[in-house]
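Novice: Requesting a structural model of the entry that follows:
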Amino acid sequence: MEKAKGVMDDSGTVESSAGLLPEQYSKRPAWGNKLQYILAQVGFSVGLGNVWRFPYLCHQNGGGAFLLLYFILLVIIGIPLFLLELAAGQSIRQGSIGVWKHINPRLAGIGFASCVVCSFVSLYYNVIIGWSLFYLGNSFQYPLPWESCPFLPNQTTEVVPECAMSSSTTYFWYRTALNITDAIEDNGGMNTNMIICLFVAWLIVCLAMIKGIKSSGKVMYFSSVFPYVVLLCFLVRGLTLEGSMDGVRYMFIPKLEIWGDIQVWRQAATQVFFALGLGFGSVIAYSSYNNRNNNCHFDAYLVSSINFFTSVLATLVVFLVLGFRANVIAKHCIETNWNEIQFLVSNGSISIDLQGVNVSELSVTEYNVWYQLINETVKEHGITDCNLENEMKKGVEGTGLAFITFTEAMSHFPASPFWSVLFFLMLLNLGLSTMFGNMQGIITPLFDNFKFLQRRKTLFTVVCCILGFVFGLIFAQRTGNYFVTMFDDYSATLPLLIVVVFEAIAVAWIYGTDRFMDDIEDMLGYRPCFLYKYLWKYICILAMIGLLLASLIRVCIDGFKYKAWNVEKAEEVTRAYPPLAVALLLGLIALAFLPIPVMFFKRLIQERMETRDAGIYAQCSTRDESAVQMEDITIDGTGLKADGYSLVGADACDEEEENQNLLLQEDECCEEKGNSSINATNINDTTAT
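Specialist: A predicted model of the protein is given here:
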């Protein structure tokens, strides 16, 4: 890839990446083979969001209709931007800082902003890996510790009220795992279990990253493939569960009316954006280790297709399990209602002929039909219809889907510890493969931009992991889950949108889409479809600006809020962030995108100073030539040369130095040349006398 117009090397020629990249880039480390690279890109893009974020969005936004909308936006926005990052990294063969600095030095801030966002995400992402480790360690028990509520101290019959009012899995998550407080401002101290799990998580990341892509690439063989093995196992098991197909029907029945809701479009576009890992710099970092002739165009479609297939597969598995869970809950509801109806009939509160009726043997659908016949009689006594669809609508987002809803469903599986171990091993590997990409998005650009770090790669990697653990302790408090939510909602979304908008503008409007297509053609041997030019130049930029505005409007309308656990009610409640927390999250947003304007103006000032210094240096050079020829110039009494220009002496040059802050070498040059001019003048005066 060429440098942007107007950005030249010392010789004044425009540098092209086609064959003129510095020698150190040609000696850049490379992937062991193409499979390692594809697994790394897939492992980074396919993360925890595919398992718990995407299924939740489908669940809440019309099932099949959301899938179709997501696919359309993936093709129009996701794949073009993904190809843009792949091609830029592969062509220039540097990390995110070096890529945008190479296109235009004023754009280096884009790369630094990516590093900052990657750092924020890595801090809380490794905490989620720590949670998976905690659950994995507790899965080697039978029965599972979250299958039933604990009893009160010195009691054998009365369970803990907080657990009785919620559920055993909910209690285990909020009280045993997180030991959470009621609000973010209630610190409550550190969570020792989470500190240990966080340390182990960072230790695993450090050992995998310590040798760069040589070590992390080999780890990808397991961490990227194993989740698919587990998903297929859950798929086969889920298809055999009673009621699972009810979940599948709920998933694939499209509700196209949701397309009229702008928030659904915002959520679909945001999911496309994060599913491919755009803006983090990790895609650029991974592709920079490729051979320059690698077919990045094919890679863009391959990785995006695998990502979409994984999201659909994970959603299918989740809905199978949720259908089974809803069926279990509905049957428990039917059994409870049947006992209550029998009690009401026996004491004469209601009059229903129960002869020949055994509700406990009825299916959920048959019970719903029978309930309609007695609805008016039993409704006032709190007897419900135990509707399956109502249970399916009770969706849980994010961590709650994995650590509460899914664990509850698995507790009803035969051999539940085995399935629990498989599930949390899958979450662990999904998290680690994404975490490796985040770390590459931080380390690779810094190695490329600061050459002294390349001699201490191992030490720098270890230091990064140690700092990650130390700063990550904020998430190991009893309020840690609230900070994870804050970082996830605000430290990445808006800054990353801004980063990718500037990436698209840099390529489409500053560098030029035609030149970028030329670079891709030079790498691939053929020119991709011309539609990419218009997608990069107009559609993608306008779509991201619209998404950014929609996100800002939503924040302005809803305010800064979070979900908190209320111990007394044993349920989640919505709270507003306190002023200090709002200041912190606003600081995170500002700190994330601040490098873009800072580096822009820094470079702009440097360029102006260099231009000014170059002009002054040229003036001094002109004076030198005048002084050398001074003996041949006739001087009149007014101190003017014969051609009417005044002679510049030492005093004038010294004044110029004070006003313009010349470099030391230029100062000495001007002073020496000024003295030469004075001596020449004295010689002429003596001769004239």
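Novice: Identify the residues contacting stretch 185-203?
Specialist: With C-beta atoms under 8 Å, 6 or more residues apart in numbering as the test, stretch 185-203 has contacts from 126-127, 129-131, 133-134, 177-179, 181, 465-466, 468-469, 472-473, 475-480, 578, 580-581. In short, each C-beta sits where N, CA and C put it, glycine included.
Novice: Check which element follows the lengthiest helix in the chain along the chain.
Specialist: When the chain is parsed with DSSP state H, its longest helix is helix 296-346. Next along the chain after helix 296-346, taking DSSP states H and E as the criterion, comes helix 364-378.
Novice: Could you list the buried residues of stretch 138-157?
Specialist: If you call a residue buried by 16 or more other C-beta atoms under 10 Å, then stretch 138-157 has these buried ones: 138-139, 144, 146-147, 149-150.
Novice: how long is that stretch end to end?
Specialist: Taking C-alpha to C-alpha, to the nearest Å, stretch 138-157 runs 24 Å from one end to the other.
Novice: Just the mean pLDDT for it, thanks.
Specialist: The pLDDT scores in stretch 138-157 average 85.
Novice: Show which residues not belonging to that stretch make contact with it.
Specialist: Here stretch 138-157 makes contact (C-beta under 8 Å, 6+ apart) with 158-160, 163-164, 168-169, 171-173, 176, 407-408, 410-411, 416-417, 420-421, 424.
Novice: which of the residues you listed are buried?
Specialist: Neighbour counting over the contacts of stretch 138-157 (16+ other C-beta under 10 Å) leaves 159-160, 163, 168-169, 171-173, 407-408, 410-411, 416-417, 420-421, 424 as the buried ones.
Novice: Out of these, which sit inside strands?
Specialist: Of the positions in these, not one sits in strands, assigned by DSSP state E.
Novice: Model confidence for residue 394, exactly?
Specialist: With respect to pLDDT, residue 394 has a value of 66.
Novice: swap that for residue 4, please
Specialist: In this prediction, residue 4 carries a pLDDT score of 44.
Novice: quick one: low-confidence parts of the chain?
Specialist: Applying pLDDT under 70 to the chain picks out residues 1-27, 156, 212-218, 353-357, 359-360, 392-398, 617-689.
Novice: What ranges does the stretch 51-200 of the chain have for its strands?
Specialist: Ranges of strands in the stretch 51-200 of the chain, per DSSP state E, counting those that start in this stretch: none exist.
Novice: So which bits of the helix or strand encompassing residue 518 are buried?
Specialist: If you go by DSSP H and E, residue 518 is part of helix 513-524. Buried residues in helix 513-524, counted by 16+ other C-beta under 10 Å: 513, 516-517, 519-520, 522-524.
Novice: and which of the residues you listed is nearest residue 228?
Specialist: For the buried residues of helix 513-524, the closest approach to residue 228 (C-beta to C-beta) belongs to residue 524, at 28.9 Å.
Novice: OK, contacts around residue 458?
Specialist: By C-beta under 8 Å, 6+ apart, the residues touching residue 458 are 210-211.
Novice: Mind checking which of the contacts of stretch 185-203 land in helices?
Specialist: 126-127, 129-131, 133-134, 465-466, 468-469, 472, 480, 580-581.
Novice: Put the alpha carbons of stretch 78-92 into PDB.
Specialist: Taking C-alpha atoms only, stretch 78-92 is exported to PDB below (Å, rounded to 0.1, in the frame of the first residue of the first chain):
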ATOM      1  CA  GLY A  78     -19.600  -6.300   8.100                       C
ATOM      2  CA  ILE A  79     -17.700  -8.100   5.300                       C
ATOM      3  CA  PRO A  80     -16.600  -4.900   3.500                       C
ATOM      4  CA  LEU A  81     -15.100  -3.500   6.700                       C
ATOM      5  CA  PHE A  82     -13.600  -6.800   7.600                       C
ATOM      6  CA  LEU A  83     -11.900  -7.000   4.200                       C
ATOM      7  CA  LEU A  84     -10.600  -3.400   4.600                       C
ATOM      8  CA  GLU A  85      -8.800  -4.300   7.900                       C
ATOM      9  CA  LEU A  86      -7.500  -7.600   6.500                       C
ATOM     10  CA  ALA A  87      -6.100  -6.000   3.300                       C
ATOM     11  CA  ALA A  88      -4.600  -3.000   5.200                       C
ATOM     12  CA  GLY A  89      -2.700  -5.300   7.700                       C
ATOM     13  CA  GLN A  90      -1.500  -7.700   5.000                       C
ATOM     14  CA  SER A  91      -0.400  -5.000   2.600                       C
ATOM     15  CA  ILE A  92       1.600  -2.900   5.100                       C
END
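Novice: if we can go back for a sec, which strands and helices sit next to the helix holding residue 518?
Specialist: When contacts are defined as 3 or more C-beta pairs under 8 Å, 6 or more residues apart in numbering; DSSP states H and E, helix 513-524 packs onto helix 79-92, helix 296-346, helix 531-534.
Novice: of all those, which gets the most neighbours per residue?
Specialist: Counting by mean count of other C-beta atoms under 10 Å, helix 79-92 has the highest mean neighbour count of the helices and strands packed on helix 513-524, with a mean of 25.
Novice: which helices and strands sit right next to that helix?
Specialist: Applying 3+ C-beta pairs under 8 Å, 6+ apart, one finds that helix 79-92 contacts helix 96-103, helix 282-287, helix 296-346, helix 493-505, helix 513-524.
Novice: Spatially nearest residue to residue 365 (excluding sequence neighbours)?
Specialist: residue 388 (7.9 Å; C-beta to C-beta, 6 or more residues apart in numbering).
Novice: Test my guess that the one you found contacts residue 243.
Specialist: Yes. Using C-beta atoms under 8 Å, residue 388 is in contact with residue 243, at 7.4 Å.
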